[in-house]
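compute the structure for the input listed below.
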Amino acid sequence: MVPNEIITNISTNQKLADSWVESNVAPFYPKTKIRYLLVGNEVISSSPKEVWYSIVPAMRKIKNSLKTHSLNKIKVSTSMAMDVLESSFPPSNGTFRSDIAGSIVKPMLQFLNRTKSFYFLDVYPYFPWSNDHKNIILDYALFESRTVRYTDPVSNLTYTNLFDQMVDSVIYAMKKLGYPDVRIWIAEKGWPNAGDVDQIGANIYNAATYNRNVIRKLTAKPAIGTPARPGWVLPSFIFALYNENKKPGPGTERHFGLLYPNGSNVYGIDLSGETPDSDFEPLPKPDNNEPYKGKIWCVAARGVNVSELGSALSYACSQGNKTCDPIQPGKECFKPNSLFWHASYAFSSYWSQLKKTGATCYFNGLATQTTKDPSFGHCKFPSVTI
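Okay, here's the model as predicted:
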């Protein structure tokens, strides 16, 4: 994958594109089976706006470089998240955002259509469900519903799961731009097996259920496709192989893996889709399919690096409004005078003030959420109320 950070430079420099392919692709082909080369990952979602307009020019430059190196069988594309859509419901109303539809997406679809490549799409039913769990039934998101059906009022197509709805909304969006037949490759799909206290439905039971069911759907023979494209093959990847225990952000970001970092299974899985659920070990019952209600504190994690903890304490105290005043000498939370205690207070104070602006209880793995009040005596720890 061409990193997002160099897309702009490659888009205007054929020699740089040639050099990148020469260093990162040519030496490994054909011993390594390289079929697709993505120019960036979710660039629209994660990169500055000025980079967006470089995606397609960079794709063209990379394609030219592959031809120069006689690597003609390797297709070029880029990956997109669902947030490139302005509307996704009902699926027939799927529409690309007005700020990118004509200037970025349409030229990209033209390139993909001409080169017979795929539109690489990241699809996570977990996120729309968790954001609207009162209106979207969990079983519908997990491919488990036997009774819930949704019929699109325009297309009259009937849906039995959220995944198909999401994919078809992109298909209809492409159709509106004049490219109804560009094939889709599911670049990422998955469900978190754990998360923070305030992250609903992130558990092993749901993750295993979703991944087992989506694998069965996508490996079925003959191919099932989606209501808008019945019988079409949907090639796909699962995100992710391992829990990424060093990844920043909310807890779910570190818990999409099929395996723990030590290589052991998070839950039983069969990528062929042939193993019945009854052959797997029983799954732990979910305990967070309903939102947590109450207070949450952010405290220092046990066993972390002392030097790093000190740096994180300094950072937390430099943010917000009087974040660390109570742990100053002589104040109500100064004692016990320990780094762990002071960092825990600072983390809770920082998080309670700044969570609404996107702050997380992570601090590079030094912090963890707790529902047990760490307050002691006259020292009251700030908290977040859910």
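
which element is the residue of the chain most remote from its centre on?
Distance from the centre of the chain peaks at Gly330, with 45.2 Å (CA atoms, centre = their mean). Under the criterion of DSSP states H and E, Gly330 resides outside all helices and strands.

tell me the phi and psi of the residue nearest to Arg97 when sequence neighbours are not counted?
Spatial nearest neighbour of Arg97, chain neighbours left out: Glu86 (4.4 Å); criterion: CB to CB, 6 or more residues apart in numbering. From N, CA and C alone the C-beta is placed, and that goes for glycine too. Dihedral pair for Glu86: phi -90, psi -30, per degrees, to the nearest 10.

same question for Leu234.
The phi/psi pair for Leu234 (degrees, to the nearest 10) reads phi -120, psi 90.

got the confidence number for it?
Note for Leu234: predicted pLDDT of 98.

in this structure it contacts Ala220, no?
No: the pair Leu234 / Ala220 is not scored as a contact, 10.2 Å apart, by CB atoms under 8 Å.

between those two, which one's more packed in?
Ranked by neighbour count (other CB atoms under 10 Å), Leu234 and Ala220 place Leu234 first, with 23 against 11.

how close does the more buried one get to Ala187?
11 Å (CB to CB, to the nearest Å).

contacts only, for Leu309.
Ala300, Leu339, Phe340, Ala343, Leu366 (CB atoms under 8 Å, 6 or more residues apart in numbering).

list the buried residues of the helix or strand that contains it.
For Leu309, the enclosing helix or strand under DSSP H and E is helix 306-317. Within helix 306-317, the residues scored as buried using 16 or more other CB atoms under 10 Å are Leu309, Ala312, Leu313, Ala316, Cys317.

what about the strands in the stretch 101-250 of the chain?
Secondary structure of the stretch 101-250 of the chain (DSSP state E, counting those that start in this stretch): strands located at 118-122, 150-151, 158-159, 183-188, 225-226, 229-230.

how about JSON lines for these, with distance to Ser54, mean neighbour count and mean pLDDT added?
Output for the strands of the stretch 101-250 of the chain, formatted as JSON lines (distance: least, CB to CB, whole Å; neighbours: other CB atoms under 10 Å; pLDDT from 0 to 100):
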{"stretch": "strand 118-122", "distance to Ser54": "17", "mean neighbour count": "21", "mean pLDDT": "98"}
{"stretch": "strand 150-151", "distance to Ser54": "38", "mean neighbour count": "16", "mean pLDDT": "98"}
{"stretch": "strand 158-159", "distance to Ser54": "36", "mean neighbour count": "16", "mean pLDDT": "98"}
{"stretch": "strand 183-188", "distance to Ser54": "20", "mean neighbour count": "20", "mean pLDDT": "98"}
{"stretch": "strand 225-226", "distance to Ser54": "31", "mean neighbour count": "20", "mean pLDDT": "98"}
{"stretch": "strand 229-230", "distance to Ser54": "30", "mean neighbour count": "14", "mean pLDDT": "98"}
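
count the residues that sit near the residue nearest to Arg97.
Neighbours around Glu86, by other CB under 10 Å: 15.

I am finished for the moment; much appreciated.
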